[in-house]
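1. Here is my input; please provide its structure:
(one chain, ligands or ions: 1)
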Amino acid sequence: MKKICVVGLGYIGLPTAAVFARAGYDVLGVDVNQKVVDLLNKGEIHIEEIGLPELVKQVVEKGKLKASTHPEQADVFIIAVPTPIHEDYSANVDYVESATKAIVPYLENGNVVIVESTIPPRTMDDVVAPILKEAGIDPYQDVYLAHCPERVLPGRILIELIENTRIVGGVTPEAATKAGDVYRAVVTGDVLETEAVTAEMSKLMENTFRDVNIALANELAKISARLGVNAHKVIELANKHPRVNIHLPGPGVGGHCLAVDPYFIIEKATEESPLIQEARKINNSMPHFVTNQIERMTCELDKPVLAVCGLTYKGNIDDVRESPAIEIAEMLMANSRYDVRIHDPHVRDEQVNFKLSSLEEAVKGAHLLVILVDHNEFKQWDEPFLLENMKTPVIFDTRNCATIHDTQFVVHRIGNLTNLQAIQEVE
Ligand SMILES: NC(=O)c1ccc[n+]([C@@H]2O[C@H](COP(=O)([O-])OP(=O)(O)OC[C@H]3O[C@@H](n4cnc5c(N)ncnc54)[C@H](O)[C@@H]3O)[C@@H](O)[C@H]2O)c1
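-> Sure, this is the predicted structure:
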C-alpha cells in the first residue's frame, strides 16, 4: 500500500489526508503549525467541517493518519498550502515555494508530486519545477509533477472530494496519468487529464466566471436602484429564457477563492483582462453601496441604532476571510452617527476585532435590521419578537434570503430599493 505525504493541513489538506487514510493509505500530514499537528495526533481537528471530526478520529486511532511538522519519504506528495494575495493584489506563492523546498530532500525517482493549492498560470513550470531542478531532480523525468486544483464546497467537502470531477494537469502526459491514478483510487467522479497550465487556468476561470456573473447581477441592482426597478423581478423573468441565468445581487464577494483567484489572471495578463478587472471593482464597490443605502434609510434619525446580522463571507459557515460583511460592519462602526450592534451565531469573538452581541442585544431598540449573510438563522424570524424589541420594524435584506410575513415590517432588499423612504423616529 502506498504512503502519501500531505503538506498543509487546512480546509483542503486535512480532509484530503483523511480520505486517503480511510481508503487504506498510510498518510503523513505535515503542517508548520505545531498546534495543528499536536491536535491531529490526538485525533482532533482545528477547523469546522461536517463529518470530519469523526473521520479523523477514526483514521488516527487506526494508525492510518499521523501528523508531523516535517515531511518524510513517501510515494505521493500532495501540497495544499495557502495562496493568498499581497496588498497590491499580486499572488503570494511563498507558501507553495517553501512547501516544495521542504519535500525536496525526501523525493525519490518515480514519486508523484501534486500541487492542489490554487496557483497563477504557469506556476508549475515557472516556480515549482525550477525548485526541483535546482536540487538536482529533473521535474520532467525523475518525478511525476502535476497540478490538481480543488473545487470543493465548504460544508460538503467530504462528499465533494469523492464525487466531484477532478482536473489533473501534468507537466508531462505521463505525470498527468500517474497523478490521475492517485485520485482514481478514491474518487468516484471523472478524473480528466490535461497539461499543467490548462488545469491552472481552468480552476481560475471557474471562480472568475462566478465573480464576473455576480458583478453583472450587482450592476443590475445598482441600475435598478437608480431607475426604480425591482431587479429580483427582472432576474426572475429574464431567467425564464432557456439560456439565461442571471445570478443574485448581494453585498459583495468574499472568501479566499472568488475574491482572490481572478487577480492571479489579472497579474499575468493585465492588458487582456479588462472585464475581469471591472468585475472585481464592481464587487469590491458593493460594501459602499450597502452603507450608502443604510445612510439613505436612516438620514432622518439622530442616532440610528443598527442591528447588523451576519459576518461570514457566505451562509452557514464560520469563515470570515475577505468577507464583505466585515468591511460593511467596520464602515458602519467607523461612523459615529450610528449605534451599531453586530451579531453572528457562527462567529466567535476571537475571530474579529470588535465586540459581538447576542440577537437580543442587537435588536433591542434597533431602527434597522441589516441582514448581511444568508445563514439559516436569518431566513425565518421570530417576527413578534422583532416587533416587540425593535424601535422601528425596518429590515434591509442584502441577501434576499429572509421570508417576512407580517405586513407591519418594511423590507428593503438589495435588488429592490423601490419605495425606499427614510425611517421616521417614533416616540
Ligand atoms: N478552502 C477551500 O474551500 C478551497 C477550495 C478550493 C481551493 N482552495 C485552495 O487550496 C489551498 C489551501 O487552502 P486552505 O483553505 O486549505 O488553506 P488553510 O489556510 O485552511 O490551510 C493551509 C495550511 O497550510 C499550512 N502551511 C502553510 N505553509 C506551510 C508549509 N510550508 N508547510 C506545511 N504547512 C504549511 C498552514 O499552517 C495551514 O494549516 C489554497 O490555495 C486555496 O486557494 C481552497
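2. Every contact and neighbour count from this point should use C-alpha atoms.
-> OK.
3. And the residue of the stretch 101-250 of the chain closest to the ligand?
-> residue 117 (3.4 Å; CA to the nearest ligand atom).
4. Doesn't that residue lie inside a helix?
-> No - read with DSSP: H, G, I helix; E, B strand; the rest coil, residue 117 is coil and lies in no helix.
5. Go ahead and confirm it touches residue 79.
-> Yes - Residue 117 is in contact with residue 79 according to CA atoms under 8 Å; the separation is 6.7 Å.
6. intersection of neighbour lists for those two?
-> Residues touching both residue 117 and residue 79 (CA atoms under 8 Å, 6 or more residues apart in numbering): residue 96.
7. related to what we said a few turns ago, next up, the contacts around the nearest residue to the residue of the stretch 101-250 of the chain closest to the ligand once chain neighbours are set aside.
-> Nearest non-adjacent residue to residue 117, counting by CA to CA, 6 or more residues apart in numbering: residue 80, 4.8 Å away. Shown in contact with residue 80 (CA under 8 Å, 6+ apart): 6, 7, 8, 9, 10, 12, 13, 115, 116, 117.
8. ok, residue 80 to the ligand distance?
-> Distance from residue 80 to the ligand, counting by CA to the nearest ligand atom, to the nearest Å: 5 Å.
9. same deal with residue 354?
-> Distance of residue 354 to the ligand, given as CA to the nearest ligand atom: 22 Å.
10. Return the distance of the spatially most central residue of the chain relative to residue 246.
-> Central residue of the chain (CA atoms, centre = their mean): residue 255, 3.4 Å from the mean position. Going from residue 255 to residue 246 by CA to CA, to the nearest Å gives 21 Å.
11. got it, and residue 23?
-> From residue 23 to residue 246 the distance is 40 Å (CA to CA).
12. So for these two, which sits in the more crowded spot?
-> residue 246 (17 against 12; other CA atoms under 10 Å).
13. Let me know the pLDDT of that one.
-> Here, the pLDDT recorded for residue 246 equals 97.
14. if we can go back for a sec, please report phi then psi for the residue nearest to residue 117.
-> In terms of degrees, to the nearest 10, the main-chain angles of residue 80 are phi -140, psi 60.
15. Need the pLDDT of it.
-> Listed pLDDT for residue 80 reads 98.
16. try residue 153
-> 88.
17. mind checking how far it is from residue 161?
-> From residue 153 to residue 161 the distance is 9 Å (CA to CA).
18. Compare those two and say which is more crowded by neighbours.
-> Counting neighbours by other CA under 10 Å for residue 153 and for residue 161 shows that residue 161 has the greater number, 23 against 11.
19. Am I right that the more buried one is in contact with residue 18?
-> No - checked against CA under 8 Å, the pair residue 161 and residue 18 is beyond contact range at 10.7 Å.
20. Residues of the stretch 51-200 of the chain that sit close to the ligand?
-> Neighbours of the ligand within the stretch 51-200 of the chain, by CA under 6 Å from any ligand atom: 80-83, 95, 98-99, 117-118, 150-154.
21. export those residues to JSON lines and tack on secondary structure?
-> Listed next are those as JSON lines, based on three-state DSSP:
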{"residue": "80", "secondary structure": "coil"}
{"residue": "81", "secondary structure": "coil"}
{"residue": "82", "secondary structure": "coil"}
{"residue": "83", "secondary structure": "coil"}
{"residue": "95", "secondary structure": "helix"}
{"residue": "98", "secondary structure": "helix"}
{"residue": "99", "secondary structure": "helix"}
{"residue": "117", "secondary structure": "coil"}
{"residue": "118", "secondary structure": "coil"}
{"residue": "150", "secondary structure": "coil"}
{"residue": "151", "secondary structure": "coil"}
{"residue": "152", "secondary structure": "coil"}
{"residue": "153", "secondary structure": "coil"}
{"residue": "154", "secondary structure": "coil"}
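22. Among these, name the buried ones.
-> 80, 81, 82, 83, 95, 99, 117, 118, 150, 151, 152, 154 (16 or more other CA atoms under 10 Å).
23. beta partners of residue 341?
-> Beta-bridge partners for residue 341, by DSSP bridges, are residue 307.
24. Compute the number of surrounding residues for it.
-> So residue 341, with other CA under 10 Å, has 24 neighbours.
25. likewise the one 4 residues further on?
-> Residue 345 is surrounded by 18 other residues when neighbours are defined as other CA under 10 Å.
26. Residue 348 too?
-> Counted with other CA under 10 Å, residue 348 comes out at 11.
27. residue contacts, it?
-> Contacts of residue 348 (CA under 8 Å, 6+ apart): none.
28. if I look at it, how far off is the ligand?
-> Taking CA to the nearest ligand atom, one finds residue 348 at 17 Å from the ligand.
29. any idea how far residue 413 is from residue 123?
-> 42 Å.
30. repeat for residue 107
-> 56 Å.
31. out of these two, which sits in the more crowded spot?
-> A direct count of neighbours by other CA under 10 Å for residue 107 and residue 413 places residue 413 higher, at 24 against 21.
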